[in-house]
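*Asks:* Sequence first, then the predicted structure:
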There are 2 protein chains.
Amino acid sequence: MIICGVDPGLTRCGVGVIEARASRQLSFVHVDVVRSDPEQSQDLRLLTIYNGLAEKIDQFSPDVVSIERVFAQANRNTVLGTAQAAGLAMLAAAQRGIPVALHTPTEVKLAVTGNGQAEKIQVERMVARILRLDRLPKPADAADALAQAMCHALRPSGALQGGEREQHLTQAQRQWAQAQHSNRRRGSVQRDM
Amino acid sequence: MIICGVDPGLTRCGVGVIEARASRQLSFVHVDVVRSDPEQSQDLRLLTIYNGLAEKIDQFSPDVVSIERVFAQANRNTVLGTAQAAGLAMLAAAQRGIPVALHTPTEVKLAVTGNGQAEKIQVERMVARILRLDRLPKPADAADALAQAMCHALRPSGALQGGEREQHLTQAQRQWAQAQHSNRRRGSVQRDM
């Protein structure tokens, strides 16, 4: 199962892709940070983030996109941009018929380190250890995105069963979304010809 | 100039379209409310709102999309969904190379009634009067979307000049976005054949 974790943000949006085997062994696949220019207008920044996320999802075709759950009581200066970036990640997944899961930062820390109050550096070290990376993933957004994906695989309810918080499409919704997406892809192939 | 006003919301998203002539005469073109089912998962609700907004923008090809500016101190229960819906409206506009303007509720009330603290019913009455409607636009989201569009036309800096708050694309950005969009439309025509 391929899991794409997203640490949403309007300036820097972390994307981490891992593979989870039935044995619960996790492997690193990819990590990157999609950035937008704070000098640009908000609509163009959102377009940049959306295009970057959609490209990653198309590249790795994850089975699930796991996104940080954003709360209104978070940092007032950035929470709206963070919520909007999370919304774009949800949109890009839903357009492709890919299920979306939302996990809070506390759930992520708990799943990755066993401590819901863990420091950032502890999370980074455990991400590197579990994924057998030679160095700590940088920047923090990259580590957080990998941790978000790992949380989805390691959470108590298991990687492959839907939890209460997981948002599943009905069979009909998924088929519809997938058909829409493959139509779009066919369109894009025809354009390139 | 065709102006599309958006009153963003995750459950109900108002869309109001008006035409502003050089004489500053405003005409009603269209009003509707895009809805999503609160029983659905958030990703599917965002997809529904995005598709509805994109369809309206494609139908009326506005010269500008004017969206309510959302603040973090707004109602905590709904502010994140509202911000996400506003983000989707910005994305849909930016994907089509259409400029986006953001106006606060106070600016809208001031432009439409002359009083930034006006009651909702006052705003609705002025919307109906200025647009020569037979009855008050309902529901409130519809009236707010029309008022948002009217604000963009009636604001002191004028409908056709970019204000400080208006977010303009550079020429190159606009051409790029328009080319992307017309590619997508060509793709969709080919799919229909």
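*Replies:* Everything's here; your move.
*Asks:* who touches stretch A:117-131?
*Replies:* For stretch A:117-131, the external contacting residues (C-beta atoms under 8 Å, 6 or more residues apart in numbering or on different chains) are A:18, A:26-28, A:106, A:108-109, A:112-113, A:115, A:133, A:135-137, A:140, A:143-144, A:146-147, A:150. The way it works is simple: take the backbone N, C-alpha and C, and place the C-beta from them, glycine included.
*Asks:* which intervals of chain A have sub-threshold pLDDT?
*Replies:* Within chain A, the set of residues satisfying pLDDT under 70 comprises A:157-193.
*Asks:* Could I get the full set of strands for it?
*Replies:* Assigned by DSSP state E, the strands in chain A fall at A:2-7, A:12-20, A:26-35, A:64-68, A:100-103.
*Asks:* which stretch among those comes nearest A:Ala83?
*Replies:* strand A:64-68 (10.3 Å; C-beta to C-beta).
*Asks:* partners of that closest one, with directions?
*Replies:* Partners of strand A:64-68 in the sheet, by DSSP bridges, are strand A:2-7 (parallel), strand A:100-103 (parallel).
*Asks:* Quick check: phi and psi at the residue nearest to A:Cys4 when sequence neighbours are not counted.
*Replies:* Residue nearest to A:Cys4 in three dimensions, not counting chain neighbours: A:Pro62, with 3.8 Å by C-beta to C-beta, 6 or more residues apart in numbering or on different chains. A:Pro62 adopts backbone torsions of phi -70, psi 160, taken as degrees, to the nearest 10.
*Asks:* what sits against A:Pro62?
*Replies:* Neighbour list for A:Pro62: A:Ile2, A:Ile3, A:Cys4, A:Val17, A:Ile98 [criterion: C-beta under 8 Å, 6+ apart].
*Asks:* Residues touching stretch A:46-55, excluding its own?
*Replies:* So stretch A:46-55 is contacted by A:6, A:10, A:13, A:15, A:34-37, A:40, A:84-85, A:88-89, A:91-92, A:95, B:87, B:90-91, B:94-95, B:177 (C-beta under 8 Å, 6+ apart).
*Asks:* and these, which are buried?
*Replies:* A:6, A:10, A:13, A:15, A:34-36, A:40, A:84-85, A:88-89, A:91-92, A:95, B:87, B:90-91, B:94-95, B:177 (16 or more other C-beta atoms under 10 Å in any protein chain shown).
*Asks:* What are the boundaries of the helices in chain A?
*Replies:* Assigned by DSSP state H, chain A shows helices spanning A:42-60, A:79-95, A:105-113, A:120-130, A:140-154, A:171-192.
*Asks:* just how off-centre is the fourth one within its chain?
*Replies:* Centre-to-centre, helix A:120-130 and its host chain are 18 Å apart (C-alpha atoms, centre = their mean, to the nearest Å).
*Asks:* Repeat that for the third one.
*Replies:* When C-alpha coordinates are averaged (C-alpha atoms, centre = their mean), helix A:105-113 and its chain have centres 15 Å apart.
*Asks:* close to chain B, is it?
*Replies:* No - contact of helix A:105-113 with chain B (C-beta under 8 Å from any C-beta of the partner chain) is absent, the minimum separation being 15.4 Å.
*Asks:* on that earlier part again, any idea which of the strands paired with strand A:64-68 is most buried?
*Replies:* Among the strands paired with strand A:64-68, strand A:2-7 has the highest mean neighbour count (mean count of other C-beta atoms under 10 Å in any protein chain shown), at a mean of 27.
*Asks:* if we can go back for a sec, could you measure from the residue nearest to A:Cys4 over to chain B?
*Replies:* With distances taken as C-beta to the nearest C-beta, to the nearest Å, A:Pro62 is found 14 Å from chain B.
*Asks:* Likewise for A:Glu68?
*Replies:* In this view, A:Glu68 and chain B are 12 Å apart by C-beta to the nearest C-beta.
*Asks:* and that residue, what does it touch?
*Replies:* Going by C-beta under 8 Å, 6+ apart, A:Glu68 touches A:Val6, A:Asp7, A:Pro8, A:Ala86, A:Leu102, A:His103, A:Thr104, A:Pro105, A:Val108, A:Asp144, A:Gln148.
*Asks:* what about the nearest residue to A:Leu136 once chain neighbours are set aside, how many neighbours?
*Replies:* Spatial nearest neighbour of A:Leu136, excluding adjacent residues (C-beta to C-beta, 6+ apart): A:Glu124 at 4.6 Å. Using other C-beta atoms under 10 Å in any protein chain shown, A:Glu124 is surrounded by 24 other residues.
*Asks:* now do A:His30
*Replies:* If you count neighbours by other C-beta under 10 Å, A:His30 ends up with 15.
*Asks:* Quick check, it in contact with A:Gly5.
*Replies:* No - with contacts counted by C-beta atoms under 8 Å, A:His30 stays clear of A:Gly5, the gap being 10.5 Å.
*Asks:* what residues are shared contacts of those two?
*Replies:* Taking C-beta under 8 Å, 6+ apart as the criterion, A:His30 and A:Gly5 both touch A:Val15, A:Gly16, A:Val17.
*Asks:* Show me what the last one bridges to in the sheet.
*Replies:* Okay, so that is A:Val17. A:Cys4, A:His30.
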